[in-house]
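**Student:** Based on what follows, work out the 3D shape:
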Amino acid sequence: MKGRDVILGLLLDMPRTGYDINEMFQTVFSHFFSGGYGMIYPTLKKLEIEGKVRKEIVTQEGKPNKHVFYITQEGEMEFQNYLRSEVQTDVFQSDFLVRLYFGRHVSEDELKGWLKEEKQRIAVLADRLDQTNAKWKNNMSDTQKIAYAFGAEMYKAQMKVVERYLKEDNTHVK
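**Tutor:** As a prediction, this is how the structure comes out:
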């Protein structure tokens, strides 16, 4: 899966601006795909050059012109090919888990500090996901609800592990 696949899928749903696409990455996709303006606009430009999307410039009074992107038939075909391709194994990276793996090289207090910080990070991410769900749930398809449920359950499981080790007198990782 690449950013272009997600962008084409979003444009298949409806025409969008780069700003609209970024909002989707920062809200709906935030728990399972990372993207921002630095990826979105170069990808849109490349897709436009390739004929996969077309851009319409909408003149706005008192504001900069709005660039609205539409998927083309070629873009739809590429996206359909993506959907029918083999599902790739998830790639997961976690700075927290790498540090935890090497945690035997730091003090017990430092380990506890990492766990407390991770608990706060997870709480913020879970809360953000819940807020996004509350905003979008009435317009979500069944499959989109499943994607949300995966994220919500992932955060609950992570929180459970962190809380279990914070409750113990010793993290048992030394």
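**Student:** Is it correct that residue 119 falls within a helix?
**Tutor:** Yes - judged by DSSP: H, G, I helix; E, B strand; the rest coil, residue 119 forms part of a helix.
**Student:** For it, the count of nearby residues, please.
**Tutor:** Neighbourhood size, residue 119 [other CB atoms under 10 Å]: 16. (Glycine included, C-beta is placed from N, CA and C.)
**Student:** Then residue 79?
**Tutor:** Using other CB under 10 Å: residue 79 sits among 21 other residues.
**Student:** Show the contacting residues for residue 24.
**Tutor:** The contact partners of residue 24, taken as CB atoms under 8 Å, 6 or more residues apart in numbering, are 10, 16.
**Student:** Please determine how far it is located from residue 17.
**Tutor:** 11 Å (CB to CB, to the nearest Å).
**Student:** again, but for residue 95
**Tutor:** Taking CB to CB, one finds residue 95 at 32 Å from residue 17.
**Student:** So between the two, which is more surrounded?
**Tutor:** residue 17 (16 against 7).
**Student:** That one reaches residue 69, doesn't it?
**Tutor:** Yes - if you go by CB atoms under 8 Å, residue 17 and residue 69 touch, sitting 7.1 Å apart.
**Student:** What about residue 7, how many residues nearby?
**Tutor:** 27.
**Student:** wait, it sits on residue 46?
**Tutor:** No - counting by CB under 8 Å, residue 7 stays clear of residue 46, with 10.1 Å between them.
**Student:** Which pLDDT value belongs to residue 9?
**Tutor:** We have a pLDDT of 96 for residue 9.
**Student:** Secondary structure element for it, which one?
**Tutor:** In this structure, residue 9 sits in helix 3-13 according to DSSP states H and E.
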